[in-house]
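Participant: Got a predicted model here, sequence first, then my questions.
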Amino acid sequence: MSDITLVDLCIVACSEAFRGNGEIVATGVGPVPRVAAGLAKLTHTPELMMTDGEAYLVEQPVPLGPRKYDDRKPAGYLPFSRFFDSAVWSGRRHAMVTPTQLDRFGQINLSYMGGTYDKPKTQMLGVRGFPGNTIYHPNSFFFPAHGPRVFVPQVDMISGVGYNPAKRVAGGNFSGVNLRRIVTNLCVMDFGGPDNAIRVISLHPGVTFEEVQAATGFELCKAENVETTRLPTAEELAVIASLDPHNVRASVLKDNPPAVRAAA
Amino acid sequence: MSLDKRMTAAEIVAQLSDGMTIGIGGWGPRRKPMALVREIMRSDLKDLTVVAYGGADVGMLCAAGKVKKLVFAFVSLDAIPLEPWFRKSRESGALQVLELDEGMFQWGLKAAAFGLPFLPTRVGLGTDLAELGGLKTVQSPYDDGETLIAMPALKLDAALIHVNRSDWRGNVQVFGADVYYDEWFAKAAAKTYVSCEELVDRMEDHYPEGAQDNLFERCFVSGVVEMPCGAHPSSMPPHYGWDMKAFKAYADAARDPGDWSAVADRFVGASEAEYLESIGGKEAVAALSLPIF
């Protein structure tokens, strides 16, 4: 048991977000979400669709890291040039991403921090496809370092739609807004609190709710029965290893800690 | 009119003028018409509005002070997520911007291509984009009455695109795993100039089997120039991958003091021939393996 890592536990928790999603494109951006989407497809939800990270749809998830260019086996085609019509604006996608900030309404930011639109203090990537993703299809999030700089009361630039009533435009159709899960190095949360408030549904082994709350810049709800996030099974560990043969995931969480904390 | 649309890169850039809105094809570090961008860098052009899914094209044009306004959804070099020259330019407050979602962006190009003032979309609602970018809403005139963002047409004075093949008349062939939104840049622009890896006289005599790769028709092409390796350091599948070493050197040069004028020579060169030689020639570019994701 003791050799199970926390990152593998996180991957399994992330993969649960895709369970039963059906024939949609599962997009995991970054090593943990990507392996998680592949794990979901290879275990509980084989109907998921996914790309090779470039332009082709694959039925066998593509492993992380170096391999031969033609090792992928395309079964279909989903290039950027038709991504919005096929996957995003049709709602046939569930993306799991890591924005720079997320606030109490589930609004996210990856554009800039501090300063203004005309002169940002810290320019980041730009909103990319987040405004469209969040109004059209389900989204989940993974954060490797749960802390108050990530979970902020109010994001600096609203790059993705959340459940903020003040941002609801009269007559706008927000029926596609569907934020599902937030997985961090401490816990799993959903949007199941009152008015879609963020709620802790499971704590990783040895983590307390108070610890999570202290690392969060807004008040969290607590599910009625907060569970302990389950450990990966031997089968899941084998699939994870096959999808990450170079162990890229070992560098995702600081110090690559074990899933079960050593007793204090 | 002559159907021979061959021009030199300098002649293409001479068609552009200060204050124009220029669309640049490709996506981040992929399929960028970098040889034409470098030619702009060698010119006196200024006050441009640049419309691009940005990579080093945007970064270097910003660094050189040629951009008055940028229309973008991201600027990134992929493995180097944050484009450092773009970042410096933004943080200095030197740029006007219109920040858009990636999907709204292509929607705006399509509105321009179809000659429409705007196209409606849900995208942008519930975010800060509309307010910050001055985007207005429209109401559906039908029973649903839905409120939508009116994504304004992104009309381009000129578009620059790098393609795999073209003939003298502008019959292009664009292939590789993904062609991104190059078609819509071409159709959104009053004039589109293409650089190509290979130029032939009559496409039908050389690559008739590639006709389905004719991404946009020749009526959308105003000028053609052969520029082998013209996307370097961005990728141009299937000919060559991106040059991450070159991107890294370019990104590193943005660190203190990060003075563009001191390093511009390395990344632009006095001429394209000189640039190509400085990176090891065509052989070195051809040897760049395609990226693996």
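Facilitator: Yep, that arrived.
Participant: C-alpha from now on. contacts and neighbour counts both.
Facilitator: Noted.
Participant: is chain B contacted by stretch A:62-78?
Facilitator: Yes. Using CA under 8 Å from any CA of the partner chain, stretch A:62-78 reaches chain B at A:64-69.
Participant: are any of those buried, and which?
Facilitator: Taking 16 or more other CA atoms under 10 Å in any protein chain shown as the criterion, what is buried in these is residue A:64.
Participant: quick check, nearest of the residues of stretch A:62-78 next to chain B to residue B:38?
Facilitator: residue A:69 (29.9 Å; CA to CA).
Participant: now the residue nearest to residue B:238 when sequence neighbours are not counted, what's its secondary structure?
Facilitator: With CA to CA, 6 or more residues apart in numbering or on different chains as the criterion, residue B:238 has its nearest non-adjacent residue at 5.4 Å, and that residue is residue B:176. Here residue B:176 is recorded as coil under DSSP: H, G, I helix; E, B strand; the rest coil.
Participant: contacting residues around residue B:176?
Facilitator: Neighbouring residues of residue B:176 by CA atoms under 8 Å, 6 or more residues apart in numbering or on different chains: B:236-238.
Participant: what are the ranges of the helices in the stretch 1-150 of chain A?
Facilitator: A:6-16, A:31-42, A:83, A:130-136 (DSSP state H, counting those that start in this stretch).
Participant: Contacts for the first one next, please.
Facilitator: Which is helix A:6-16. A:32-33, A:35-40, A:142, A:181, A:183-185, A:188, A:229-232, A:236-237, A:240, A:249-250, A:252-253, A:256-260.
Participant: mind showing which ranges of the stretch 1-150 of chain A have poor pLDDT?
Facilitator: A:1-2, A:69-70 (pLDDT under 70).
Participant: returning to that earlier point: residue B:31 is nearest to which of the helices of the stretch 1-150 of chain A?
Facilitator: helix A:83 (17.6 Å).
Participant: that older thread, out of the helices of the stretch 1-150 of chain A, deepest packed?
Facilitator: Most buried of the helices of the stretch 1-150 of chain A by mean neighbour count (mean count of other CA atoms under 10 Å in any protein chain shown) is helix A:130-136; its value is a mean of 28.
Participant: Which strands and helices lie in contact with that one?
Facilitator: helix B:102-113 (3 or more CA pairs under 8 Å, 6 or more residues apart in numbering or on different chains; DSSP states H and E).
Participant: Heading C-terminal from the helix it packs on, find the next helix or strand.
Facilitator: strand B:118-121 (DSSP states H and E).
Participant: related to what we said a few turns ago, quick one: buried ones out of the contacts of helix A:6-16?
Facilitator: Buried among the contacts of helix A:6-16 by 16+ other CA under 10 Å: A:32-33, A:35-40, A:142, A:181, A:183-185, A:188, A:229, A:231-232, A:236-237, A:240, A:249-250, A:252-253, A:257-260.
Participant: coming back round to it: could the helices of the stretch 1-150 of chain A go into TSV alongside distance to residue B:64?
Facilitator: Shown next, in TSV, are the helices of the stretch 1-150 of chain A (distance: least, CA to CA, whole Å):
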stretch	distance to residue B:64
helix A:6-16	43
helix A:31-42	35
helix A:83	33
helix A:130-136	30
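Participant: So which bits of the longest strand seen in chain A are buried?
Facilitator: Taking DSSP state E as the criterion, chain A has its longest strand at strand A:221-228. Buried residues in strand A:221-228, counted by 16+ other CA under 10 Å: A:221-223, A:228.
Participant: of the residues you listed, list those near chain B.
Facilitator: Restricting these to those near chain B - CA under 8 Å from any CA - leaves none.
Participant: from those, which is closest to residue B:61?
Facilitator: Of these, the one sitting nearest to residue B:61 (CA to CA) turns out to be residue A:221, at 47.7 Å.
Participant: which ones are touching that closest one?
Facilitator: A:193, A:197-200.
Participant: Among those residues, give me the pair with the biggest separation.
Facilitator: Pairwise over the contacts of residue A:221, using CA to CA, the maximum falls at A:197 and A:200, 10.0 Å.
Participant: out of these two, which sits in the busier spot?
Facilitator: residue A:200 (27 against 19; other CA atoms under 10 Å in any protein chain shown).
Participant: helix or strand right after whichever strand or helix holds that one?
Facilitator: Per DSSP H and E: residue A:200 is located in strand A:199-203. The C-terminal neighbour of strand A:199-203 among helices and strands, as given by DSSP H and E, is helix A:209-214.
Participant: List the buried residues of that following helix.
Facilitator: Result for helix A:209-214 [16+ other CA under 10 Å]: buried residues A:209, A:212-213.
Participant: Residue B:172: which of the residues you listed is nearest?
Facilitator: Looking across the buried residues of helix A:209-214 and measuring by CA to CA, the closest to residue B:172 is residue A:212, at 56.7 Å.
Participant: wait, doesn't that closest one sit right on residue A:184?
Facilitator: No. With contacts counted by CA atoms under 8 Å, residue A:212 stays clear of residue A:184, the gap being 9.8 Å.
Participant: Identify the contacts common to those two.
Facilitator: residue A:146.
Participant: Residues of the stretch 101-250 of chain B that sit close to chain A?
Facilitator: B:101-104, B:122-129, B:132, B:145-148, B:177-181.
Participant: Tell me the buried residues within these.
Facilitator: B:101-104, B:122-129, B:147-148, B:177-181.
Participant: just for chain B, where's the confidence low?
Facilitator: For chain B (pLDDT under 70), the answer is B:1.
Participant: Okay, helices next: where are they in it?
Facilitator: Assigned by DSSP state H, chain B shows helices spanning B:9-14, B:34-41, B:56-63, B:84-91, B:102-113, B:129-133, B:182-188, B:203-206, B:244-252, B:260-268, B:272-278, B:281-286.
Participant: Bridged to residue B:195, which residues?
Facilitator: residue B:162, residue B:225 (DSSP bridges).
Participant: thought it was touching residue B:229?
Facilitator: No. Counting by CA under 8 Å, residue B:195 sits too far from residue B:229 to count as a contact (9.9 Å).
Participant: So between those two, which is more surrounded?
Facilitator: residue B:195 (33 against 28).
Participant: In contact with the nearest residue to residue B:286 once chain neighbours are set aside, which residues?
Facilitator: Nearest residue to residue B:286 in three dimensions, chain neighbours excluded: residue B:240, at 5.4 Å (CA to CA, 6+ apart). Contact partners of residue B:240, counting by CA under 8 Å, 6+ apart, are B:285-290.
Participant: Check residue A:33 too.
Facilitator: A:11, A:14-15, A:27, A:96-97, A:142.
Participant: Let me know the closest of those to chain B.
Facilitator: Nearest to chain B among those: residue A:27, at 13.1 Å, using CA to the nearest CA.
Participant: How many residues are close by the closest one?
Facilitator: Other residues close to residue A:27 by other CA under 10 Å number 24.
Participant: What's opposite it in the beta bridge?
Facilitator: With DSSP bridges as the rule, residue A:27 is bridged to residue A:95.
Participant: pretty sure it is touching residue A:50, no?
Facilitator: Yes. With contact defined as CA under 8 Å, residue A:27 reaches residue A:50; the gap is 6.5 Å.
Participant: Tell me which of the helices of chain B sits most buried.
Facilitator: Comparing the helices of chain B by mean count of other CA under 10 Å gives helix B:182-188 as most buried, with a mean of 27.
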